[in-house]
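Enquirer: Next input, structure requested:
(chains A, B, C and D)
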Amino acid sequence: MDQLFVNLKNMALHLIGVFAPDWLVSLSSILISVGAMTFLGIFIMMYLTLMERKVIGRMQNRIGPNRVGKWGLLQPVADAIKMLTKEDIVPEPADRLLHFLAPVMIVIPALLIFAVIPFGRNMTALDLNVGLLYFFAMSSTTTMVIFMAGWGSRNKYASLGGMRSVAQMISYEVPMVLSVVPVLLSVGSLSTGKIVEAQADLWFVLTPWGFFACVIFFLCGVAECNRSPFDLPEAESEIVAGFHTEFSGMKFALFYMAEFMNAFSIAALTATLFLGGWQGPLLPSWLWFILKTYSLLFVMMWFRGTLPRLRADQMMGLAWKFLLPLALVNILAAGLHLYLGGPAGFASALIILLGSFMGLSKVNRSYVPEKREYVLAD
Amino acid sequence: MLFGMGILRGLGVTLKNFFASYYKKPEEGGLFTVEYPEKRLPVKERFRNFPFLVYDTTPENMRCVACDICAKECPPKCIYIVRDNDEAGRPLKKPAIFDIDFTVCMNCGICEEVCPFDAIYMDHEFEIADANRLDALLYNLPDLLKPNDYFQKIRPNDAAQVDARRLEAEEKKKAAVAAVKTQAAAKDIKPE
Amino acid sequence: MSISIEHVKTFLEKELPGISLKKVRESLLLQNPADLPSAARALKDSSVFKLDFLSSITGADYLDYLEAVYHFYSMQNKTGAVTLRVRVKRGSPNIPTLVPVYRGAEFQEREAYDMYGIVFEGHPDLRRIFMWDGFEGFPLRKDYEQEDSETLEIADVQWLEKRSVQIPAEMKQKAEELHRDGKRAIARQPTDKNTP
Amino acid sequence: MEKTLQSGDFKEKSFVLRGERDVDTQTLEINVGPQHPSTHGAFRMNILLDGETVVRLKPVMGYLHRNHEQIAENMSYAATMPYTDRLDYFSSMSNNFGYAMCVEKLASIEVPERAEYIRVIMAELTRLVNHVSLIGFLLNDLGAFFTPVVYAFREREKILDIFEEVSGSRMMCNYLRFGGVKTDIGANTLEGIKKIVRAFPAFLEEFETLLTKNEILCMRCQNIGILRPELAVNASITGPMLRASGVNYDLRKVDKYSVYDRFSFKIPLGSRGDVYDRYFVRILEMHESVKILEQALKDIPQGDIINRKMAPFVKAPRNFKPAVGEAYARVEAPKGELGYYIVSDGTAQPWRYHVRAPSLINLTILEDMCLGQKLADAIVILGSVDIVLGEVDH
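Expert: Residues are numbered from 1 along each chain as shown, chains lettered A, B, ... in the order given. All right, here's what the predicted structure looks like:
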């Protein structure tokens, strides 16, 4: 049951191998994986939108979409048709090339990241030994594309959104990368497959430095894909719809798809790095992976349903003055924990991390809520 | 207390609501949205939407006597009445034309209050949307007329009070007529 | 609890010798509008009244004069209304502004200007507050001629015909007639009610 | 920015944020409104931005101006009552309350006990509805994706059902008449109100755990848009905004109108006068309103609901001709001091009818609060001022 998809692929290859030359067989094996990835990407994106609307609906004591299809299951199909049939308006002063290129160039990296994600035991499309570096390279291209979209549509709100996203992406890229360093320290390799195998007996999140690294990585991931509470680039209440104000129809659908695929890949990476990827006792490996990823996606939607938005300078301040120092201390703690090993290392890492957390929250006075007392006069 | 505690407690509230919407009843925080076309919320008795004219048994003997008080009192002036007159040209106690423009009416209920003949009351029917704004929402006499038992069905208490008052006025009138008749009879006997 | 108007009258006459006041139904009428800022400042700074809260400014049109009514309260003493009035001719509706004394007067004076045409000299930016800038006329004045929306004017007729809308003959004939006489379609004649 | 910004700072010298201007940047002028997700209606702010910092902010209004005052001057006194519902369409009962009180003061009509109690109950229920919805919309401006609004609207729905049961319409109640109220409250309606009032503190408890100590809300709202008490009083600011700056001025305690002097309740006062104080003062005011409601519901007397003298005018409102004279009455509406100034010339139509709209006057110092803050803060400050365009443009 565990190797279901792998066996299916081998059977298909044997079938093709019967009457095709071997170069065609290897080509078709690549094509099968690529086809599976793209279909998976689109399928995930469609049903993530439905899941998000249902989850946030339930949090707000309402039902969420249930008109199209049995429990609203066809709602994504209806959305897709609507997006495709809507008129695609290009504002007159806009820069046509940038306006056309931006949605295309935002979906490509979102799909390329899927190659590195280990969906199950030896079910990684391409198990590069620089998997993690590849992931960071791909996810950092979206910065430039969002600014291109914002600047290209010649709209004051869009350019404001574009500038905000550049500031946000850069300031959250640094703590994100630093938070992954402890994982590399303990595994010794960048390839996602090896990282998951290294967590066979002990998930990294259960170690003190692993927990802090997971929280930092997840928060920075949420900021990378512009989701609440860091959704400044597309803040509806302030700058209408941020960088994708002037995009409609298919172009808007591509932005929408890219945002959800980034969210999925961030959740998948957090699960892979810290929650032990597809490691799990009874269930088949790929089912474990889906469970962990979708629980993290639920947390993302939970954030969106509850938390208000940060202001631009607070968002940057949080990254540079809070998450970055915490990530650096985390590397020190991880080193200590691995060097000393055993309970001594565990305790010392824990003390250092908690101490630094308290110290940092003292340093950032302006982020901690003031105590206020209110007079009840008559 | 710890830096992130406020946010965590807030998240706790939404999570509680998330699970509550599955098993709790609507009153104590469960799912309280009603899926409109299939299930509907009961309309309260005093709910007022656009007015309608009441007739007792057949549309002929409607209560409205075209006294034009409601048209004068209506704030946005959306009622138009033309008195009917019989073939000899004498005015009748019946309106020939009674139009209410539902695009102008703001269902404030003043016509119901000022009508001295209990002829016009506020309806509970609110699904009257229509594609054509000018003609479809200009209700004239036939569309406005509704029987008294419809009025009893939608507003039982108010209708009961109105009918009691009308009945009592009826008795008083009959008694007064009877009194006048006996008085007239008494007068006839005396002069002979 | 309210302040007796005589008390205010004597105080003002003592404070500003040259002022001429007249009691009008529970309020003080300043004969000369120019005294308004000094009177208001005197009442505001006086330790007895401390009228630091200008509740509302209302313009009003009494046919042969325009009037601005000011309601003052004191937030510190929590005492009641002191009402001042200023009357100006329709021809020269100029009243000195109270914005340097009370910041709260800014929007209310703009509203009085927009609706009644009372010009408040010295107001930081006296623009129309509700109507668009190109609007002529002052809507709340009693002699404001309201355009009659039922009858069509020649411009409307042309505009409609350009969009191939059939117009009943007598409407078109009425429009030409109006155009010949050079009149506008007026709905409301100025009221000739008695003044209170 | 430790130096507290005086209101005069920005008028004369061109506002320079970073000392002498080493980098010559271009200011960006954007029009927030009249169609914008968070301007609470058709309201426009012409903002000059230096980067994301507000350098100049000009409010522009009038998009919803219906000339309510001229309509009232061409209609009888009773016919204007449904139009006052449309002033601040979130608290129609308070608007009716103010108008009814002004005409009663003009024609010196007494209001029987039971009607006064019903009016206070309805006014306090409107205050709950208004404050709860406002906090929901404030959180919307802050970016919380509709969850606080939906929780607030769940409570608001219950109260609107009571309004529908009592007056016939959820938002456009047209319920008060000169000298009393239109119809009586049945026993089971009173029971329904008691049930809601009993359940309200628990809801407020949940609302507060979701919001009050939320770090992001505190970050976004504390020390933003500070309003000093002297500037507030000078600019005739009234309502929760004034009390959040620490000035103790609530008409229910100052004028003691209607039967408010029989209830014991407190007035919450803020200390710093920023957006957070305005948010929290409104929550405390809701607790106080619940206290008033409990007392009012406990000892509401029996008796007729409208002054007997006004009976003939119920059937013929056009005969109601108050004596020549003028009257100015004001009521503590949820948004501030809602005043009505009516001059009567003896006929059935008022000669002059003026509404003192609290939202309009509370906007006077919007620019002073937003100068030097970020664009995101300007939107939040506008949200905390609590304006409804029906009342601003009346």
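
Enquirer: which SSE is residue 12 in?
Expert: This is for chain A. helix A:4-19 (DSSP states H and E).

Enquirer: Not quite, go with chain C.
Expert: With DSSP H and E as the criterion, the answer for C:Leu12 is helix C:5-15.

Enquirer: Wondering if stretch D:260-275 reaches chain A at all.
Expert: Yes. With Cβ under 8 Å from any Cβ of the partner chain as the criterion, chain A is reached by stretch D:260-275 at D:266-272. For every residue, glycine as well, the C-beta is placed using N, CA and C.

Enquirer: Filter these down to the buried ones, PyMOL style.
Expert: Per 16 or more other Cβ atoms under 10 Å in any protein chain shown, the buried members of these correspond to this PyMOL selection:
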select buried, chain D and resi 266+267+268+269+270+272
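
Enquirer: Using CSV, lay out the residues of stretch D:260-275 next to chain A together with distance to D:Val331 and secondary structure.
Expert: Formatted as CSV, the entries for those read as follows, by distance: Cβ to Cβ, whole Å; DSSP: H, G, I helix; E, B strand; the rest coil:
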residue, distance to D:Val331, secondary structure
D:Lys266, 19, coil
D:Ile267, 16, strand
D:Pro268, 19, strand
D:Leu269, 20, strand
D:Gly270, 22, coil
D:Ser271, 27, coil
D:Arg272, 28, coil
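
Enquirer: Name the next helix or strand downstream of the helix holding A:Ala12, please.
Expert: helix A:22-59.

Enquirer: Please give the centre-to-centre distance between that next one and its chain.
Expert: With Cα atoms, centre = their mean, to the nearest Å as the basis, the distance from the averaged C-alpha position of helix A:22-59 to the chain average is 15 Å.

Enquirer: ok and it relative to helix A:4-19, angle-wise?
Expert: Helix A:22-59 and helix A:4-19 meet at an angle of 150 degrees, taking axes from the mean of the first three to the mean of the last three Cα atoms, to 10 degrees as the criterion.

Enquirer: dump the residue contacts of residue 92.
Expert: With no chain named, the answer covers chain A. For A:Glu92, no residue counts as a contact, taking Cβ atoms under 8 Å, 6 or more residues apart in numbering or on different chains as the criterion.

Enquirer: look at chain B instead
Expert: B:Leu92 makes contacts with B:83-86, as judged by Cβ under 8 Å, 6+ apart.

Enquirer: how is chain B carved up into domains?
Expert: In terms of domains, chain B is parsed into B:12-41, B:51-174 (source: automatic domain parsing).

Enquirer: Select from the ones you listed the stretch with the lowest mean pLDDT.
Expert: Averaging pLDDT over each of the domains of chain B singles out domain B:12-41 as the lowest, with a mean of 85.

Enquirer: can you give me how far that one is from the chain middle?
Expert: Distance, stretch centre to chain centre, for domain B:12-41: 33 Å (Cα atoms, centre = their mean).

Enquirer: That one: which residues count as buried?
Expert: Using 16+ other Cβ under 10 Å as the test for burial, domain B:12-41 gives B:13-14, B:16-18, B:20-21, B:24, B:29, B:31-33.

Enquirer: before we move on, what about stretch D:198-217?
Expert: Judged by neighbour count (16+ other Cβ under 10 Å), stretch D:198-217 contains these buried residues: D:200, D:203-204, D:207-217.

Enquirer: Stretch C:126-143 too?
Expert: In terms of neighbour count (16+ other Cβ under 10 Å), stretch C:126-143 has its buried residues at C:126, C:128-131, C:138-142.

Enquirer: Check stretch C:24-32 too.
Expert: Within stretch C:24-32, the residues that count as buried by 16+ other Cβ under 10 Å are C:27-30.

Enquirer: Which helix or which strand is home to D:Val120?
Expert: Per DSSP H and E: D:Val120 is located in helix D:113-142.

Enquirer: That helix close to chain B?
Expert: No. Against chain B, helix D:113-142 shows no contacts by Cβ under 8 Å from any Cβ, the least distance being 10.8 Å.

Enquirer: Could you list every helix and strand in contact with that helix?
Expert: Packing contacts for helix D:113-142, counted by 3 or more Cβ pairs under 8 Å, 6 or more residues apart in numbering or on different chains; DSSP states H and E, involve helix A:236-239, helix D:92-107, helix D:147-167, strand D:180-181, helix D:187-211, helix D:215-221, helix D:275-298, helix D:375-385.
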